[in-house]
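In: dropping the sequence and predicted coords here.
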Amino acid sequence: QEELVESGGGSVQAGGSLRLSCTHSRHISCEYDMSWYRQVPRKEREFVSAARARGTTTYADSVKGRFTISLDNAKNTVYLQMNSLKPEDTAMYYCACRDSGLFSSPNYWGQGTQVTVSS
């Protein structure tokens, strides 16, 4: 059983928008935060954005002003609204979460959803 399930990836032209969704299973807890990372081949996975259950949000500098993260705790879901997409946003996007702030990095990961932005 998958613990985190992403959806919403796809192909768009530069300047377009996509909204990613990620729902976590009831069998796990993501009560500390939920986040998004992305990775392109032969590069390290990089942080994109995170939303803490208390409401704090953080963003990578490269996406500030263009991406918005939001939580729907009733649906166990995190969203990533991506606007003004650029070709350099092309990557596999992964949802992740932590059940405790004692972890320095997420302890649950999704399988990923591909985002492709053409110029």
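Out: Everything's here; your move. Since the model is a prediction, treat every value here as computed from it, not as a measurement. Residues are numbered from 1 along each chain as shown.
In: how about low-confidence regions in the protein?
Out: The model of the chain has pLDDT under 70 over residues 1.
In: so what's the residue nearest to the spatial centre of the chain closest to, chain neighbours aside?
Out: Per Cα atoms, centre = their mean, the C-alpha nearest to the average position across the chain is that of W36, at 2.4 Å. Nearest in space to W36, with sequence neighbours left out and distances taken as Cβ to Cβ, 6 or more residues apart in numbering, is V48 at 4.3 Å. For glycine as for every other residue, the C-beta is placed from the backbone atoms N, C-alpha and C.
In: list the helices and strands the helix or strand where the one you found lies packs on?
Out: Element membership for V48 (DSSP states H and E) is strand 46-52. With contacts taken as 3 or more Cβ pairs under 8 Å, 6 or more residues apart in numbering; DSSP states H and E, strand 46-52 sits against strand 33-39, strand 57-59, strand 67-72, strand 77-82.
In: turn those into CSV, including distance to S104.
Out: CSV is the format used below for the helices and strands packed on strand 46-52 (distance: least, Cβ to Cβ, whole Å):
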stretch, distance to S104
strand 33-39, 12
strand 57-59, 14
strand 67-72, 20
strand 77-82, 19
